[in-house]
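Generate a structure from the sequence data that follows.
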Amino acid sequence: MLSFKIGVVIFCSNGDVQYWFPVTKDIKGQIEVWIKDSEMVQSDHTIDMATLYPTDPELLIGWTREGCLVSINIEANKIEILQDFGSGFTHLVLLEPEESYVVTLDKNHTLAVWDIWTGKLVSRKTMEL
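Okay, the predicted model is just below:
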């Protein structure tokens, strides 16, 4: 789940992506009713991690269980594969300020930097943890 605009995006275990936003509050200001604004029904890629895309407030960047880096556009109801990096990653970070590289850490403690647009490995280092 991720906070997005005025609501939340929920990444379901079956691969669906839902956007919910609050519509009413009680006397104490607590949210009483949430409405599902959109749902992307898809089973090709299950989103494991996601983050806001700093240069485009309409997009989220996600990492799928299948090892793909994807852009998620809630308004357009669209998930687009940016690159297929393979599986086994435990962490993903989008490097700023350029947002043209992604850093991954895999289950073997290997830290890798990837070019987000070509999918090419830029550098790799096994960490002593």
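
Partner strands of the helix or strand of the chain with the lowest mean pLDDT, with direction?
Sorting the helices and strands of the chain by mean pLDDT, DSSP states H and E puts strand 89-94 at the bottom, at a mean of 74. Next to strand 89-94 in the sheet, as set by DSSP bridges, lie strand 101-106 (antiparallel).

what does stretch 19-28 rub up against?
Identification of contacts with stretch 19-28 by C-beta atoms under 8 Å, 6 or more residues apart in numbering yields 4-10, 31-39, 74. Using the backbone N, CA and C atoms, a C-beta is placed for each residue, glycine as well.

now do stretch 30-41
7, 16-26, 72, 74-75, 77-79.

Could you list the buried residues of the least confident helix or strand of the chain?
F89, L92, L94 (16 or more other C-beta atoms under 10 Å).

Alpha carbons of that strand, in PDB - could you do that?
Output of strand 89-94 as PDB, limited to C-alpha atoms (Å, rounded to 0.1, in the frame of the first residue of the first chain):
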ATOM      1  CA  PHE A  89      15.800  -8.600  -5.600                       C
ATOM      2  CA  THR A  90      14.900  -7.700  -2.000                       C
ATOM      3  CA  HIS A  91      15.200  -3.900  -2.300                       C
ATOM      4  CA  LEU A  92      14.900  -1.300  -5.000                       C
ATOM      5  CA  VAL A  93      15.800   2.400  -5.000                       C
ATOM      6  CA  LEU A  94      15.300   5.000  -7.800                       C
END
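
next one: it to chain centre, how far?
Distance of strand 89-94 from the chain centroid (C-alpha atoms, centre = their mean, to the nearest Å) equals 10 Å.

Next: stretch 116-127.
On C-alpha atoms, centre = their mean, the centre of stretch 116-127 falls 19 Å from that of its chain.

List the contacts of that stretch.
With C-beta under 8 Å, 6+ apart, stretch 116-127 has contacts from 69, 82-85, 94, 99-102, 105, 108-115.
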